[in-house]
Every structure is written in C-alpha cells, then in structure tokens.
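**Q** quick one: sequence and predicted model below, then my questions.
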Amino acid sequence: MFYSSLSGMGLASAKGQAAVDVDEARADASEAKSEADVLKHDIDRLMMITEALWSFLKKEHGYSDDELAKAVGAIDLRHSGAEKDAQEKCPNCGRMVSEHRRLCLYCGQPIPQSLFEP
C-alpha cells in the first residue's frame, strides 16, 4: 500500500500524526534558518576582516589586486588537486578557475557544467 504507515490508523489518528509531522518540520526549518543566519553573519564578518587585511597589505607593501588574484588562483588549484590544464575561463569575467568549481571565485557567476560529469 502506498501509505503503509497510515494503513492501521484511523482518520483522526492519521490527522494527529500529520500535525506532529508538520510541527517537527517547522521546528527543523526554523533551526536550519537560525544556523544559516549564524553562518551568514560569520561570513560577513570574515569578509570585512579580509578586506581590511588586504587594504593594509596594499598600502604597506604595495601589492596589487592582480597579485592577489594570481595567489588565489594558485591556492584554488592546489586545494582542488587540479593541474594547470584542468582550468577553464569564467564565461562572465574571463579569469581562469578550476574546472571543479561550480561558481567563479572572482565574480561569483555559475561555471557551466557538463551534463555527463558528476
């Protein structure tokens, strides 16, 4: 039977179980939203710290944005285990990104994926 878990229940009992399930789903959704809000706050804070540190490095040591982009690209390739030839250009900004990325590290736009690759 399609609804085998409800087959032995009466209508009132099934409605009661459905209400419990709805309440549990709402509680799970509320908890997930709270966790997502905390993560967003942490990411925003880390972004501000990173921006401040980068501004210090530019001002005090004369580094350029291009040097930072190259360093980020090298770290991305190292972390993804990709070889230099396992890169592709972002169709939006033209920068090279690991073919394993779903979003461009630089502009945030989606990187087209092959339908036949995992």
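**A** The structure has been received and is ready for your questions.
**Q** can you pull the contacts of the residue sitting nearest the centre point of the chain?
**A** Closest to where the C-alpha atoms of the chain average out (C-alpha atoms, centre = their mean) is residue 103, at 8.7 Å. For residue 103, the contacting residues are 109, 110, 111, by C-beta atoms under 8 Å, 6 or more residues apart in numbering. C-beta: built from backbone N, CA, C; applies to glycine.
**Q** can you redo these as JSON lines with distance to residue 69 and secondary structure?
**A** JSON lines is the format used below for the contacts of residue 103 (distance: C-beta to C-beta, whole Å; DSSP: H, G, I helix; E, B strand; the rest coil):
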{"residue": "109", "distance to residue 69": "15", "secondary structure": "coil"}
{"residue": "110", "distance to residue 69": "19", "secondary structure": "strand"}
{"residue": "111", "distance to residue 69": "16", "secondary structure": "coil"}
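**Q** confidence-wise, which of those residues comes last?
**A** Within the contacts of residue 103, residue 111 has the lowest pLDDT, namely 86.
**Q** which residue is the nearest non-sequential neighbour of that residue?
**A** residue 101 (5.6 Å; C-beta to C-beta, 6 or more residues apart in numbering).
**Q** my read: residue 63 touches residue 56, true?
**A** No: with contact defined as C-beta atoms under 8 Å, residue 63 does not count as touching residue 56 (9.9 Å).
**Q** so which of those two has more stuff around it?
**A** residue 63 (14 against 11; other C-beta atoms under 10 Å).
**Q** need the three-state assignment for that one.
**A** Following DSSP: H, G, I helix; E, B strand; the rest coil, we place residue 63 in the coil state.
**Q** try residue 108
**A** Residue 108 is classified as coil under three-state DSSP.
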